[in-house]
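Participant: from the sequence below, what's the structure:
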Amino acid sequence: MSGRILIVEPIATNRILIRSMLEAARYKVSGVNSATELQARIAEFRPDVILMDFSSTLAASLALCSSLTRVVPRAGSLRGPLGPEPAGMIPVIALVKDVGSAARVSILQAGAVDIFEKPANPARLLARIRSVLRARDAQSELCPETGPAVAFSFAEESAPYVATPSLVSVLTQRADRLAPICQRLKDRGIQCQVHPSPTRLPPIQSSRAPDLFVIDSAGGGVGPGDLFRLLADLRSQSDIRHAAQLVILPPGANDLAVLALDLGANDLVSETISAAELDYRIDALLRQKAASDRLRENVRNGLEAAITDPLTGLFNRRYALSEISIVARAAVRRQGTFAAMILDIDHFKAINDTYGHAAGDSVLVGVADRLKAEMRADDFVARIGGEEFLVVLRDSTLDEARVTAERLRQTVASKGFDLADARFATDPNSTSAVEVTLSVGVAIGSGDCQTEAGIRALYDRADAALYAAKTAGRNQVTLSSSAA
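Facilitator: Coordinates of the predicted model:
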């Protein structure tokens, strides 16, 4: 995995050893011995990760780390001078020597993503760097502007985000020993479940999937194979694959640590960790999970908005026309045909003029709902214009399409649309319901509709048939005179 690593280490021999190890792993590496050099080197080198020594002057190192991991808004621009990442979102891995538990928590609070005792185990440190870079890249795909900050919980709160209480699932054979963890979580309003085996996938309630799995592999009886299967299973389940994972390891279990990190564990701790540090790491993972969930929800909403008509909830024109090529390819495989029909609400302008545009919108939504209710599961309907709809019937002949078109026309015309709400009526003496009819043009498509030109030709045939229905008096179905 490529990346730029910047080492901040005042002792030259230590810096050379770390640099040699990183370069052997094919990273681009630069090193400095002081905070003064660091600021200038960041702008020049543009690091992806910083390895920083905290052993000499802890207070100064904490302040420097905080400045590197704080999101700094920029006036007029979302991007800073460092290129694709805004300044102030560089993940920092702390290198320490004989610091106490309180100092470790302070280092994490300053924004460090992890802490390694010097001399760090090379394999474990490389695995952690790979994990950090994967997390950064995954979040950047969801949101390029804030991905690195979200990945490591550096982002400051913006708009309030209402989330359900977090749920932590603890997998352990030592329920009594880990009970204080669950009690502290519950005291902070976090739900906690305990499952008696750290080697098997726990039962998951579909209504509430855990946000974090705490996997106790330090209690004995958990080998590399067991941990491999469990972590792989957790990432393979669609409802829990985004849950965070924290693995508790026995002291010195570097091989297990490398395995867990490379399989996707988000964080590792020794069973000798202090309660304060464990609580902070759990809180950080839950913040990351909540922020990632919000980003994924934003992406889903954005994708839905890109293909959906906001008024009716139907597919929009762009999506519908592109989907025709997929339907055409399926028709080729079946050696069959499909149907496309354009439906237009008759005299829709008169509805707007008489009852107002709010009433017109209500009619559009009502027509859309009736059309959707008549569709087969594998067919689709879209709104492609002001009062125009497109229906595509997979695996349909011309006769079958005509029958469906007639059913749709009759469904809309059979019952008026209620406009009793006073805000719809400009004339208090007007009727509370409006009769609505459709004109429908139908055309048959086949394999030649896989291209943009073929889709346009099919659309033009259906549109010509619609024009014929309008010309003939409206409220009727007309079939295209030309074959596909």
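Participant: outline the domain layout of this structure.
Facilitator: 1-154, 157-305, 317-479 (automatic domain parsing).
Participant: nearest to residue 311, out of the ones you listed?
Facilitator: domain 317-479 (6.0 Å; CB to CB). Heads up, the C-betas are built off the backbone N, CA and C, glycines and all.
Participant: and that closest one, how far from the chain's centre?
Facilitator: With CA atoms, centre = their mean, to the nearest Å as the basis, domain 317-479 stands 33 Å off its chain's centre.
Participant: picking that back up, pipe the domains of the chain into JSON lines and attach mean neighbour count and mean pLDDT per row.
Facilitator: JSON lines is the format used below for the domains of the chain (neighbours: other CB atoms under 10 Å; pLDDT from 0 to 100):
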{"stretch": "domain 1-154", "mean neighbour count": "18", "mean pLDDT": "80"}
{"stretch": "domain 157-305", "mean neighbour count": "17", "mean pLDDT": "83"}
{"stretch": "domain 317-479", "mean neighbour count": "18", "mean pLDDT": "89"}
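Participant: let's have these in JSON lines, adding distance to residue 311.
Facilitator: Shown next, in JSON lines, are the domains of the chain (distance: least, CB to CB, whole Å):
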{"stretch": "domain 1-154", "distance to residue 311": "28"}
{"stretch": "domain 157-305", "distance to residue 311": "12"}
{"stretch": "domain 317-479", "distance to residue 311": "6"}
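Participant: wouldn't residue 232 be in contact with residue 263 here?
Facilitator: Yes - between residue 232 and residue 263 there is a contact under CB atoms under 8 Å: 6.5 Å.
Participant: centroid-nearest residue for this structure?
Facilitator: The chain has residue 296 as the residue nearest its centroid, 2.2 Å off, counting by CA atoms, centre = their mean.
Participant: check which helix or strand it maps to.
Facilitator: helix 275-307 (DSSP states H and E).
Participant: any idea how far that helix is from the middle of the chain?
Facilitator: That offset, for helix 275-307, works out to 9 Å (CA atoms, centre = their mean).
Participant: that one packs against which elements?
Facilitator: Judged by 3 or more CB pairs under 8 Å, 6 or more residues apart in numbering; DSSP states H and E, helix 275-307 is in contact with helix 101-109, helix 122-142, helix 147-151, helix 175-187, strand 212-216, strand 244-249, strand 267-270, helix 317-334.
Participant: out of those, which is closest to residue 4?
Facilitator: Nearest of the helices and strands packed on helix 275-307 (CB to CB): helix 122-142, 10.1 Å.
Participant: mind giving me the packing neighbours of the closest one?
Facilitator: helix 12-24, strand 49-53, strand 92-96, strand 114-117, helix 147-151, helix 254-262, helix 275-307.
Participant: mind doing that once more with 10 Å?
Facilitator: Here helix 122-142 touches helix 12-24, strand 49-53, strand 92-96, strand 114-117, helix 147-151, helix 254-262, strand 267-270, helix 275-307, going by 3 or more CB pairs under 10 Å, 6 or more residues apart in numbering; DSSP states H and E.
Participant: ok, back up a step: orientation of the helix holding residue 296 relative to helix 317-334 in degrees?
Facilitator: Taking axes from the mean of the first three to the mean of the last three CA atoms, to 10 degrees, one finds helix 275-307 and helix 317-334 inclined to each other by 80 degrees.
Participant: partner residues bridging the residue lying closest to residue 125 once chain neighbours are set aside?
Facilitator: Nearest residue to residue 125, sequence neighbours excluded (CB to CB, 6 or more residues apart in numbering): residue 116, at 5.9 Å. Assessed by DSSP bridges, residue 116 has beta-bridge partners residue 95.
Participant: list the contacts of residue 116.
Facilitator: Neighbour list for residue 116: 51, 93, 94, 95, 96, 124, 125, 128 [criterion: CB atoms under 10 Å, 6 or more residues apart in numbering].
Participant: mind listing what the first one touches?
Facilitator: Translated: residue 51. Here residue 51 is in contact with 5-9, 15, 18-19, 22, 29, 31, 92-95, 116, 120, 125, 129 (criterion: CB under 10 Å, 6+ apart).
Participant: and after the helix or strand harbouring residue 469, which helix or strand comes next?
Facilitator: According to DSSP H and E, residue 469 maps onto helix 452-471. Later in the chain than helix 452-471, the nearest helix or strand by DSSP H and E is strand 477-479.
Participant: tell me the strands beside that following strand, with direction?
Facilitator: For strand 477-479, pairing defined by DSSP bridges yields strand 438-445 (parallel).
Participant: C-alpha coordinates for the partner strand, PDB please?
Facilitator: Output of strand 438-445 as PDB, limited to C-alpha atoms (Å, rounded to 0.1, in the frame of the first residue of the first chain):
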ATOM      1  CA  LEU A 438     -54.700   9.700 -19.400                       C
ATOM      2  CA  SER A 439     -53.700   9.400 -23.000                       C
ATOM      3  CA  VAL A 440     -51.200   6.600 -23.700                       C
ATOM      4  CA  GLY A 441     -48.800   5.800 -26.500                       C
ATOM      5  CA  VAL A 442     -47.300   2.300 -26.600                       C
ATOM      6  CA  ALA A 443     -44.200   1.000 -28.500                       C
ATOM      7  CA  ILE A 444     -42.400  -2.300 -28.500                       C
ATOM      8  CA  GLY A 445     -38.600  -2.500 -28.000                       C
END
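Participant: could you check the angle that strand makes with helix 452-471?
Facilitator: 150 degrees.
Participant: begin at 799, not 1, for the rest of this chat.
Facilitator: All set: I'll call the first residue 799, so the last point we hit is now strand 1236-1243.
Participant: quick one: contacts for residue 1057?
Facilitator: Neighbours of residue 1057 in contact, by CB under 10 Å, 6+ apart: 925, 1015, 1022, 1023, 1025, 1026, 1029, 1045, 1051, 1063.
Participant: try 8 Å this time
Facilitator: Residues in contact with residue 1057 (CB atoms under 8 Å, 6 or more residues apart in numbering) are 1022, 1025, 1026.
Participant: relative to residue 969, how far out is it?
Facilitator: Distance, residue 1057 to residue 969, by CB to CB, to the nearest Å: 16 Å.
Participant: next: residue 897.
Facilitator: Relative to residue 969, and taking CB to CB, residue 897 is found at 30 Å.
Participant: what's the answer for residue 1165, then?
Facilitator: Residue 1165 is 52 Å from residue 969, by CB to CB.
Participant: what do you get for residue 993?
Facilitator: 5 Å.
Participant: intersection of neighbour lists for these two?
Facilitator: With CB under 8 Å, 6+ apart as the test, residue 993 and residue 969 both reach residue 1000.
Participant: circling back: let's have the helices and strands packed on helix 920-940 in CSV, adding distance to residue 1274.
Facilitator: Shown next, in CSV, are the helices and strands packed on helix 920-940 (distance: least, CB to CB, whole Å):
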stretch, distance to residue 1274
helix 810-822, 75
strand 847-851, 68
strand 890-894, 71
strand 912-915, 71
helix 945-949, 55
helix 1052-1060, 66
strand 1065-1068, 66
helix 1073-1105, 31
